[in-house]
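[1] I'll drop the sequence and a predicted model, then ask my questions.
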Amino acid sequence: MKSIVLLAKDLYRWCNTASRILYATLKDIHLTTRIPSLTSLRAFEAVARFRSFRKAADELHVTHAAVSHQIKTLEQATGTQLFVRNSRSVELTPEGAQYYPSIREHIQGIMDATQRLQGPDEADVLCVQSYNSFNTMWLQPRLADFLQDNPTIRVRIISSFEDGNYDIHRFDVGVFNAPPFDPRFDYRFLFETDIFPVCAPTWSAAHSLPADPVLLKPETLLSVPNTGDTSDWDWWLQEAGLDPKRMTYGPVFDHYPLVREAVLNGRGFGIARAPFVDRDLAQGRLIQPFPQIVPEPLPWFLATRKAGKPDPNVALFIDWLVAEIGSDPTVRTTQTSA
C-alpha cells in the first residue's frame, strides 16, 4: 500500500512537471508567432519617421519612456534590433529600414479606413496645418473673414510643433518654413520675413537695458527647441554682428505662443517673427528693445497634395491666403534667399 502511495506521488509530480513544460512550450510558440501589438507598431512607425523618440512621444501623446518601452517590446517580439541609438540621434538598422515601409503603409491604411468609417462628413472638411505660431499668431485673427465670405466651407486648423516635422498625411493645405519635401506634395514659395528680440514695456521700464544684448541675464532669454544648425538667438546675434558664443540662454518652451505669453508677462525676451507680433507692437503690448533686424534664415512654403482631382474649396482658401499674405507689410513675397 505504501509503495502505491509513493508511486502515485511520483506520478503526480511527473504530470505536474510535464504540464508546466508543455505550457511553457506552447507559450513560447505563441509568443514567436503572434502579431506585435498595434501600440508597438505605431511607436515604431513614429520613431522611424521622426528619427526621434521625443517627437514620436509628442505625436502619440505619451511619455518618452512609454515609447522606449514599446520599441523594446517590439524588438523582443521580433527578435530583431530595429534602431541604433546614441546620445544625439536615432537611426534604423538595415532590418528596421526593411521593416518600416510596410508598417508605414499599413498603419496609414488603418488610419484612412478609420477616418472613412467615422463619418463621410469629414471628407468635406478643409484641413489646414501649420506651426502653432502661424496658426495662433497670424491665421486665427484673420480666419473669421474667410469663413464669413465662405460660410459653406468647414475648416479644421491643425497645429504642429515648431520642429520642422509634421504629419504629411493630415492636411489639404500646409504652411511651413522647414518642410520635408515629400514627392507626394507640391511646394511653392510663400513669403520671407525678419526676426528680432521683443520684450514687454513693463520689463524695459523696471530694468536697465544693456547696450549689448549679450550682457542680458541668461534666465531672461526665452526660446523654443533648436531644430536647425543654429538657434533663433544665435542666428540673430550672428547676423546682427554680435558674438553668439558669449550668450547663455534660459527657459525653453515648446512653441512660440508660449514664449510670447511669457514675454507679455514680463519674464524676459523672445525672438519674434515680424508678422506674428505686428499687432502686439502696434498696440504697445510688446516693444523692440534693440534696433537690429535680420532676415529669418528659412523662407515659408505652401504645401498642397498632388494626388486627386482639384478641390474648389482648397483653391478658394489658397487664393485668400496668398492675398492676405501679399497685403501684410511685414513679409516679402519675392524670394531673395537661396
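    Yep, that arrived.
[2] residue 44 looks like it's in a helix, true?
    Yes: judged by DSSP: H, G, I helix; E, B strand; the rest coil, residue 44 forms part of a helix.
[3] which residues touch it?
    Residues counted as contacts of residue 44 (C-beta atoms under 8 Å, 6 or more residues apart in numbering) are 70, 71, 74, 82, 96, 99, 100, 103. Every residue, glycine included, has its C-beta placed from N, CA and C.
[4] can you show me the strands along this structure?
    All strands of the chain, identified by DSSP state E, fall at 83-85, 90-92, 125-131, 154-160, 173-176, 185-198, 221-222, 269-273, 294-295, 300-305, 331-332.
[5] on that earlier part again, can I get the contacts of residue 44 in TSV with distance to residue 297?
    Compiled in TSV, those are given as follows (distance: C-beta to C-beta, whole Å):
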residue	distance to residue 297
70	35
71	33
74	37
82	34
96	32
99	36
100	31
103	34
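[6] can I get the residues you listed in CSV including neighbour count, distance to residue 49 and pLDDT?
    Supplementary listing: these in CSV, determined by neighbours: other C-beta atoms under 10 Å; distance: C-beta to C-beta, whole Å; pLDDT from 0 to 100:
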residue, neighbour count, distance to residue 49, pLDDT
70, 23, 15, 90
71, 24, 13, 92
74, 23, 15, 92
82, 21, 13, 93
96, 23, 12, 89
99, 20, 13, 90
100, 17, 8, 87
103, 18, 10, 89
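[7] helices - which of the residues you listed land there?
    Among the contacts of residue 44, the members falling in helices (DSSP state H) are 70, 71, 74, 96, 99, 100, 103.
[8] contact partners for the fourth one?
    Spelled out, it's residue 96. Contacts of residue 96 (C-beta under 8 Å, 6+ apart): 44, 48, 80, 81, 82, 83.
[9] where's the second one relative to residue 91, distance?
    Think residue 48. 10 Å (C-beta to C-beta, to the nearest Å).
[10] same question, the first one
    Plainly put, residue 44 is 14 Å away from residue 91 if you go by C-beta to C-beta.
[11] go on, the last one?
    Distance of residue 83 to residue 91, given as C-beta to C-beta: 7 Å.
[12] again, but for the third one
    Summarising the geometry, the distance separating residue 80 from residue 91, computed by C-beta to C-beta, is 15 Å.
[13] what about the helices in the stretch 101-250 of the chain?
    Taking DSSP state H, counting those that start in this stretch as the test, the helices found in the stretch 101-250 of the chain are 132-134, 140-149, 201-206, 232-239.
[14] show me what the third one is packed against.
    When contacts are defined as 3 or more C-beta pairs under 8 Å, 6 or more residues apart in numbering; DSSP states H and E, helix 201-206 packs onto no helix or strand at all.
[15] can you give me the buried ones in that helix?
    For helix 201-206, a neighbour-count test (16 or more other C-beta atoms under 10 Å) marks residue 203 as buried.
[16] Provide a list of residues in contact with the residue nearest to residue 268 when sequence neighbours are not counted.
    Nearest-residue entry for residue 268: residue 220, 3.1 Å, with adjacent residues in sequence omitted and distances by C-beta to C-beta, 6 or more residues apart in numbering. Residues near residue 220 by C-beta under 8 Å, 6+ apart: 203, 250, 267, 268, 269.
[17] out of those residues, which is nearest to residue 159?
    residue 267 (22.4 Å; C-beta to C-beta).
[18] run a quick neighbour tally on residue 232.
    The local packing of residue 232 (other C-beta atoms under 10 Å) involves 22 other residues.
[19] what pLDDT does it get?
    At residue 232, the model reports a pLDDT of 85.
[20] quick check: it touching residue 225?
    No: the criterion here is C-beta atoms under 8 Å, and residue 232 misses it with residue 225 at 10.5 Å.
[21] quick one: low-confidence residue ranges for the stretch 201-338 of the chain.
    214, 226-230, 307-308, 337-338 (pLDDT under 70).
[22] between residue 83 and residue 91, which one's more packed in?
    residue 83 (19 against 12).
[23] list the contacts for that one?
    Counted by C-beta under 8 Å, 6+ apart, residue 83 has contacts 47, 48, 71, 90, 91, 92, 93, 96.
[24] give me that answer again for 10 Å
    44, 47-48, 51, 53, 71, 74-75, 89-93, 95-96 (C-beta atoms under 10 Å, 6 or more residues apart in numbering).
[25] residue 41: neighbour count?
    19.
[26] residue contacts, it?
    Counting by C-beta under 10 Å, 6+ apart, residue 41 has contacts 35, 70, 74, 99, 103, 104, 106, 107, 110.
[27] relative to residue 41, how far out is the fifth one?
    Residue 103 sits 6 Å away from residue 41, taking C-beta to C-beta as the criterion.
[28] next one: the last one
    Taking C-beta to C-beta as the criterion, residue 110 is separated from residue 41 by 10 Å.
[29] just the first one next, same as before
    With the distance defined as C-beta to C-beta, residue 35 ends up 9 Å from residue 41.
[30] on that earlier part again, top of the contacts of residue 220 by number of neighbours, please.
    Result: residue 269 is most packed of the contacts of residue 220 (other C-beta under 10 Å), 26 neighbours.
[31] so residue 140 sits against residue 134, correct?
    Yes: with contact defined as C-beta atoms under 10 Å, residue 140 counts as touching residue 134 (9.3 Å).
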